[in-house]
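Student: Just need the structure, nothing else, for what follows:
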Amino acid sequence: KVQFLNNEPIIVSSSGEDNSVKMWLFDVDRENMMHNLGSNIAPRLLKERSGHSDTPHKIKFYGDDSKHIVSCSENTFLRDNSLINEHISMNFGYKKNLNKKKISELGENIGNTLDFSFSELRERDWPNIITCHSKLATPLIWSKENRSLSQTTCKLESKDSKITTCKASSCGNFGFLGFENGGIVKFNLQSGIVREEVFPTDDLAQASSLSISGIITDQLNKYVITTSLDGTIKVRDFLKLTVLQTIEVEGKGAITHLESQGDLFCVITTESTSNLSLLVYDLSTMKLIRRFTNIHENAVTGVCFSHDSRWVITTSMDKSLKVWDLLTSSLIDWIKFVDIPRSVAYAPTGEYLATTHVGKKGIYLWSSKAFFGNVFIQDVPKRPHYLDLPNITDTDKQKLTHQDFYEAKQKTQAEEEDEKRMESSQIDKAFEELLKDDKELMKTKNSTTCAKISDDPFSKWQSLYYIDNIKQRNKPLDAKAKKQDAPFFLFDLENAIGGNDAGQDLYGVQYFTGKKELDDESKTLTSIIQDSKNLSSLNQTGNVLELKELLQKYHNSKISSSKLLDYFRKISPSAIELEFLSLSDFEFDTNKKIDYIDTFLKFIEETIESRQNVEIIQVLLSNFIKNNFEETMVQKARIESILVKQEEFASKFEDLLLYNMLI
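Tutor: Numbers count the residues shown, from 1 in each chain. The predicted model follows:
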């Protein structure tokens, strides 16, 4: 379709074959337009929006944020597809760094795009995408940052065999090529220099079964795993590409696909069109951990891992998509499309599943239910869910769900499943109500069948437990400097308070005036200063008499043990230790009305029985005994009662711990 814009020298053309919309501009002066009506004026391209001209046969998410998809089709180059803004999507260009001669040669002899691979680590340092093509003897290297072909070329000598697959290492420094005759080449992505190459002998080079079907590397650059059509998996050394181990697949079917994720990799073996198997291996031990047989009725077109390596998704020529769970070794989802799925990719965030289909030039995104909520898998699906692909006109008008693409039978099944989900949700709500009732019953009965730790910061009680080590660590390395003596003509108040000769004459009355009437007054002033000094040392960390007051109220049943425990939570570890020191029995304590040691031990015993705030009680008891050891040992009956309760609690806790460890 071609159409002019009103009163503008611009023509708009659209084509369904190449999937593009173009705007052409006629560069003609408006004044001389009437004189040039008869001449042939060629327009120039002003703007262009295009996509793949053919079905994308490989797609892969780029980046950990799942915002871009890199795709390729047989008749076009790479394309960067943005999931955030369609205006950012664009094709990778190849005309920027090449002259006209190379552009014409490249456009005629490039052929179909067979495979591509990339590494995201070195995106800003050097080109990081590799592509191999059917008519090129060397791969092309692209830059994702510039979205263009790089000037760096792989310096590979011409080989008699064609390139079948390519792979970029996880570190982003090297690229690997697999050939039709079974050869492997490693080259540097930054310079294009070939580092290692291994090709079979002339006798074996003609065998088509040696064709490399897939290449992967581990994350530590120790191994390179290759698969071939002869049904073998070869583990090679990353540096020299020498074969370290050969794994022969059971049945000796051709291996057509190879994918990896983390420490796992999977292969698709094809013994026949009806006998397809999915094998999952551990990359660290190279052992088979899962085997799924008869996965599809026709050839597999795509395979990928989920973002957490829990699922493997496969697509096939039988128009189906299946999800295999590795933990349960079972099929958990089965979808059948109207059009054959050509490729599949799972988002790194776990939010989307992307597919492409034969005869369709777009990429279709499917939301994962497991990402937005809990999905309970009850039975293995015995028949597929039929889905149709959405149209652009339909999606613009309304928002569609999976059920909108079901057939009549599938809609009834979906309604039944929704009813079951509603019943299960009602059961879950009833179960939550029962749990709330149980929690309230536990609170009302103050059950002692379980122990509970506090919600306080762990560092506070850890500091109280190791307070001696903290004091030793914070102790100054250098000794305190001795203050210089005052000159003989100045009066030293500290020496006067300490009881030196000048202490009886604070103001120098008897030395300078000869009067001794203030001797009694000076003694009174000295005692007042001494008492105030002692009291100030106690008040530096708070009121030390507050614990005694609380213990006295607790002894008289005026406050509960929780109020007393809240006081320990409020003050600092050093203040707690000072409070314990104040509980010692001094001879000059004439206001003592109760036995504070016994009352505190009674508080500990009661709190142990409640099984609440377990770690706080243990730390308080440890610090209390350390600071009041002699006074505590006098309370033999109370200590024995606490010891019995501690042993009973410890034995129950140990039995539960051992029981759960055995499970």
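Student: I'd say residue 223 and residue 239 touch.
Tutor: No. The criterion here is CB atoms under 8 Å, and residue 223 misses it with residue 239 at 10.6 Å. Just so you know, the C-beta spots here come from the backbone N, C-alpha and C atoms, and that holds for glycine as well.
Student: which of the two has more neighbours?
Tutor: residue 223 (17 against 12; other CB atoms under 10 Å).
Student: residue contacts, the more buried one?
Tutor: Counting by CB atoms under 8 Å, 6 or more residues apart in numbering, residue 223 touches 217, 235-238, 244, 283.
Student: Those residues into CSV, with extra columns for neighbour count?
Tutor: As requested, those are exported to CSV (neighbours: other CB atoms under 10 Å):
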residue, neighbour count
217, 23
235, 17
236, 23
237, 13
238, 18
244, 13
283, 21
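Student: now the end-to-end length of stretch 373-381.
Tutor: End-to-end distance of stretch 373-381 (CA to CA, to the nearest Å): 20 Å.
Student: Now do that stretch: distance to the chain's middle.
Tutor: Its chain's C-alpha centre and that of stretch 373-381 lie 24 Å apart, by CA atoms, centre = their mean, to the nearest Å.
Student: Could you point out which residue ranges in the stretch 51-200 of the chain have low pLDDT?
Tutor: 94-109 (pLDDT under 70).
Student: For it, which segments are assigned as strands?
Tutor: 56-62, 68-73, 79-82, 90-91, 113-118, 129-133, 140-143, 148-149, 163-168, 174-179, 184-188, 194-198 (DSSP state E, counting those that start in this stretch).
Student: element containing residue 323?
Tutor: In this assignment (DSSP states H and E), residue 323 forms part of strand 320-325.
Student: Give me the residues contacting that strand.
Tutor: With CB under 8 Å, 6+ apart, strand 320-325 has contacts from 278, 292, 295-297, 310-316, 330-337, 341, 344, 355, 377, 384.
Student: and it, which residues are buried?
Tutor: For strand 320-325, a neighbour-count test (16 or more other CB atoms under 10 Å) marks 320-325 as buried.
Student: Paired strands for that strand, with orientation please.
Tutor: strand 311-316 (antiparallel), strand 330-337 (antiparallel) (DSSP bridges).
Student: So residue 620 lies in a strand, does it not?
Tutor: No. Residue 620: not assigned to a strand; according to DSSP: H, G, I helix; E, B strand; the rest coil it is helix.
Student: residues contacting it?
Tutor: Applying CB under 8 Å, 6+ apart to residue 620 gives the contacts 464, 568, 576, 604.
Student: ok, the contacts of residue 223 vs residue 184, which is closest?
Tutor: residue 236 (7.1 Å; CB to CB).
Student: Enumerate the positions of stretch 347-366 that are buried.
Tutor: Neighbour count says stretch 347-366 has 347-348, 350-357, 360-364 buried, by 16+ other CB under 10 Å.
Student: Could you do stretch 297-306 as well?
Tutor: Buried, per 16+ other CB under 10 Å, within stretch 297-306: 300-306.
Student: can you check stretch 247-264 too?
Tutor: Applying 16+ other CB under 10 Å to stretch 247-264 flags 247, 249, 253-261, 264 as buried.
Student: do stretch 211-222 as well
Tutor: Quick answer for stretch 211-222 (16+ other CB under 10 Å): 211-218.
Student: next one: phi and psi at the nearest residue to residue 260 once chain neighbours are set aside?
Tutor: The shortest distance from residue 260 to any non-neighbouring residue, by CB to CB, 6 or more residues apart in numbering, is to residue 216 (4.2 Å). Main-chain torsions, residue 216, degrees, to the nearest 10: phi -140, psi 160.
Student: With residue 568 instead?
Tutor: Here residue 568 shows phi and psi, under degrees, to the nearest 10, equal to phi -70, psi -30.
Student: Next up, the contacts around it.
Tutor: By CB under 8 Å, 6+ apart, the neighbours of residue 568 are 576, 616, 620.
Student: Repeat that for residue 253.
Tutor: 231, 269-272, 275, 277.
Student: And for residue 268?
Tutor: 255-257, 276-279, 300, 303, 314.
Student: and if you look at residue 48?
Tutor: Per CB under 8 Å, 6+ apart, neighbours of residue 48: 20-23.
Student: Same question for residue 88.
Tutor: 80, 82.
Student: Any figure for the gap between residue 563 and residue 570?
Tutor: 11 Å (CB to CB, to the nearest Å).
Student: so what's residue 199 closest to, chain neighbours aside?
Tutor: Using CB to CB, 6+ apart, the nearest residue to residue 199 is residue 183, at 3.8 Å.
Student: Quick one: neighbours of the one you found, just the number.
Tutor: For residue 183, using other CB under 10 Å, the count is 22.
Student: on that earlier part again, rebuild the contacts of residue 253 as CSV, extending it with distance to residue 7 and neighbour count.
Tutor: Listed next are these as CSV, based on distance: CB to CB, whole Å; neighbours: other CB atoms under 10 Å:
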residue, distance to residue 7, neighbour count
231, 68, 20
269, 65, 23
270, 62, 19
271, 67, 16
272, 66, 8
275, 67, 13
277, 66, 19
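Student: any idea which of the residues you listed is the one closest to residue 73?
Tutor: Taking the contacts of residue 253 together and measuring to residue 73 by CB to CB, the closest member is residue 270, at 23.9 Å.
Student: Which of the helices or strands spans that closest one?
Tutor: strand 264-272.
Student: For that strand, what is the distance to the chain centroid?
Tutor: With CA atoms, centre = their mean, you get 29 Å for strand 264-272.
Student: please begin residue numbering at 5 from this point
Tutor: Sounds good: first residue 5 from here, last item strand 268-276.
Student: quick check: angle from that strand to strand 315-320?
Tutor: 30 degrees (axes from the mean of the first three to the mean of the last three CA atoms, to 10 degrees).
Student: So what are the sheet partners of strand 268-276 and their directions?
Tutor: By DSSP bridges, strand 268-276 pairs with strand 258-265 (antiparallel), strand 279-286 (antiparallel).
Student: With just CA atoms, put that strand into PDB.
Tutor: Below are the C-alpha coordinates for strand 268-276, written out as PDB (Å, rounded to 0.1, in the frame of the first residue of the first chain):
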ATOM      1  CA  LEU A 268      22.600 -28.200  34.600                       C
ATOM      2  CA  PHE A 269      22.500 -28.900  30.900                       C
ATOM      3  CA  CYS A 270      20.000 -30.800  28.800                       C
ATOM      4  CA  VAL A 271      20.000 -32.500  25.400                       C
ATOM      5  CA  ILE A 272      17.300 -33.800  23.100                       C
ATOM      6  CA  THR A 273      17.900 -37.200  21.600                       C
ATOM      7  CA  THR A 274      16.200 -38.400  18.400                       C
ATOM      8  CA  GLU A 275      16.100 -42.100  17.800                       C
ATOM      9  CA  SER A 276      13.100 -41.700  15.500                       C
END
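Student: one step back: can you tell me which of the buried residues of stretch 351-370 lies nearest to residue 479?
Tutor: residue 352 (52.3 Å).
Student: Next, the residue nearest to the spatial centre of the chain: phi, psi?
Tutor: Closest to where the C-alpha atoms of the chain average out (CA atoms, centre = their mean) is residue 353, at 9.3 Å. Note on residue 353: its backbone torsions stand at phi -80, psi -10 [degrees, to the nearest 10].
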